[in-house]
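> structure for the following, please:
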Amino acid sequence: MWDSPISNLGQLGRMSELHNHQISDAESGTDLAAALARLNKALESLDNAVDASLDSKKSPASAGEEMQRMAEDRAKLARDLDSSEDRANRLEETNREVSRRLVAAMETVRNVLDRPV
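Predicted coordinates for the structure are as follows:
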């Protein structure tokens, strides 16, 4: 990680903590120490946010690579969708054929049962 000016502000907080110990009024020192602790935590969060922001900025080459990956993913999803649609159509056709055969079988059974013995 690069040494940012924001991370140097954390050193200011540490120096202030040393100064804290020199304060004679214990209550004021406690309040100041708590305030400095909150300030240090906020500065650390800010430093992390800046680092994350800088890391998220990509070069044009990596943006192009990301676009390439997205295009490949899209093409794969399109192929998968086409395959699923073809399968659904085949299943629908099979379902119609099975239904037709069942109707024919039921009519045959009905005709057999309706014959006089």
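> so where do the helices sit in the chain?
In the chain, the helices defined using DSSP state H lie at 5-20, 26-56, 60-114.
> so how many other residues sit close to residue 33?
Close neighbours of residue 33, defined as other C-beta atoms under 10 Å, add up to 15. Quick note: C-beta positions are derived from backbone N, CA and C, even for glycine.
> and it, how far is that from residue 39?
11 Å (C-beta to C-beta, to the nearest Å).
> swap in residue 82?
Residue 82 is 58 Å from residue 39, by C-beta to C-beta.
> quick one, which of the two is more surrounded?
Between residue 82 and residue 39, residue 39 has the larger neighbour count (other C-beta under 10 Å), namely 15 against 10.
> could you check how far that one is from residue 32?
For residue 39, the distance to residue 32 - C-beta to C-beta - is 10 Å.
> try residue 45
Distance from residue 45 to residue 32, by C-beta to C-beta: 20 Å.
> higher neighbour count, the two?
residue 32 (16 against 10).
> which pLDDT value does the model give the more buried one?
pLDDT for residue 32: 86.
> comparing the helices of the chain, which gets the lowest mean pLDDT score?
helix 5-20 (a mean of 49).
> what's the local residue count around residue 50?
Neighbours of residue 50 using other C-beta under 10 Å come to 15.
> going forward, begin numbering at 314 instead of 1
That works, and once the first residue is 314, the last one we named lands at residue 363.
> what's the distance between it and residue 352?
The gap separating residue 363 from residue 352 is 16 Å, by C-beta to C-beta.
> do the same with residue 391
The value you get for residue 391 to residue 352, if C-beta to C-beta is used, is 53 Å.
> and what of residue 418?
Distance from residue 418 to residue 352, by C-beta to C-beta: 83 Å.
> contacts only, for residue 388.
Residues in contact with residue 388 (C-beta atoms under 8 Å, 6 or more residues apart in numbering): none are found.
> now do it against residue 365, distance only.
If you go by C-beta to C-beta, the gap between residue 388 and residue 365 works out to 31 Å.
> likewise residue 394?
Residue 394 is 35 Å from residue 365, where distance means C-beta to C-beta.
> now swap in residue 350 and tell me
23 Å.
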